[in-house]
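S.K.: Okay, sequence plus prediction incoming.
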Amino acid sequence: MAGSLLLLLDDIATVLDDIAVMSKMAAKKTAGVLGDDLALNAQQVSGVRSEREIPVVWKVAKGSFVNKLILVPLALLISVVAPWLINPLLMIGGLFLCYEGVEKIVHMFHSKKAHTASEAQQQLIQTETDLLTMENEKIKGAIRTDFILSAEIVVISLGTVATATFMEKVGVLSVISIVMTIGVYGLVAMIVKIDDLGLYLSEQVSSFKQSIGRGLLAFAPILMKTLSIVGTIAMFLVGGGIINHAVPLLHHFTESTVDHAELIPQVGNIVGALTPTLINFAIGMIAGFVVLLVVAGIQKVWPKSKQA
């Protein structure tokens, strides 16, 4: 009995060691998606009241954990029962991300800007009234986006450990899910509280701390604006990348274009490295506008069919 227990402990230790190695491999593969995840989630939760920033991040982080609790078992089940379903499901998620990106751009151009002091005051009153609604919408939007990005991270991680045993797969996906959720939302929490840290330091006695505080206060709005832009671009890059990898024709076109780009004298390596990103972005933009047109068409037809 004691010998069996020791053997079991030895097996567990071996599996954990293998999981640690494979988790590092999976983490390297998913690093690119995580960068997009961080940018997207930071800009998704920005714009809420200062005292609500951490509670909002915490709610989204809890939503992210729930997403992974759904996705990890689902991905393992699909990989065994119907592995052909993974790409179509990812494509649906990718199309949704592209659609959200285009919707953000359209909203930005169509949103009314205040031209007078009275209009600005009216908008401020409206914003104050809708704060709770806006907060809930941001949380829901961030959790939806996280679901798609988490799905991609889980699938990439699963592909990295395709030849491993079932328990090793479970271990790797669990480690990746926990570590990356804590890492991403820990950084998001730090980013959204930069202005508060700046304010705290600017009120200190030390002139050095005051200088750092003022610098952080000046840097915070620039960072948030940048993250808003980067987050929207990331939607197209991630969504376009998913579609690109899922459609063989597009994938072969990208590889062929990269091969030709690398032949350009002197700058071939740089152009070749940038080409897949630019193609993914273009695919994401086109796909997003196509989905937007389809959705707009359905929204126009649906009320008519409802009345009929």
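M.R.: Received, thanks. What you see is a predicted model, and the numbers here were worked out from it, not measured in a lab.

S.K.: ok, which stretches of the stretch 101-250 of the chain are strands?
M.R.: In the stretch 101-250 of the chain, no segments count as strands under DSSP state E, counting those that start in this stretch.

S.K.: give me the low-pLDDT residue ranges for it?
M.R.: 111-132, 134-135 (pLDDT under 70).

S.K.: And the helices in it?
M.R.: All helices of the stretch 101-250 of the chain, identified by DSSP state H, counting those that start in this stretch, fall at 117-129, 131-160, 166-192, 194-202, 207-246, 248-261.

S.K.: Same list as before, these that is, but in JSON lines and with mean neighbour count included.
M.R.: C-betas here are computed from N, CA, C, even on glycine. As requested, the helices of the stretch 101-250 of the chain are arranged in JSON lines below (neighbours: other CB atoms under 10 Å):
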{"stretch": "helix 117-129", "mean neighbour count": "11"}
{"stretch": "helix 131-160", "mean neighbour count": "19"}
{"stretch": "helix 166-192", "mean neighbour count": "19"}
{"stretch": "helix 194-202", "mean neighbour count": "17"}
{"stretch": "helix 207-246", "mean neighbour count": "18"}
{"stretch": "helix 248-261", "mean neighbour count": "13"}
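
S.K.: Looking at these, spot the one closest to P83.
M.R.: Among the helices of the stretch 101-250 of the chain, helix 131-160 comes nearest to P83, with 9.8 Å by CB to CB.

S.K.: quick one, the closest one and helix 166-192 angle?
M.R.: 140 degrees (axes from the mean of the first three to the mean of the last three CA atoms, to 10 degrees).

S.K.: residues contacting F96?
M.R.: Listed by CB atoms under 8 Å, 6 or more residues apart in numbering, the contact partners of F96 are 144, 148, 239, 291.

S.K.: Can you read off the pLDDT for the closest residue to F166 other than its chain neighbours?
M.R.: With CB to CB, 6 or more residues apart in numbering as the criterion, F166 has its nearest non-adjacent residue at 7.5 Å, and that residue is L76. We have a pLDDT of 87 for L76.

S.K.: Can you read off the backbone torsions of A164?
M.R.: phi -80, psi 170 (degrees, to the nearest 10).

S.K.: Run a quick neighbour tally on it.
M.R.: For A164, the neighbour count with other CB atoms under 10 Å is 17.

S.K.: so it makes contact with L173?
M.R.: No - the pair A164 / L173 is not scored as a contact, 10.4 Å apart, by CB atoms under 8 Å.
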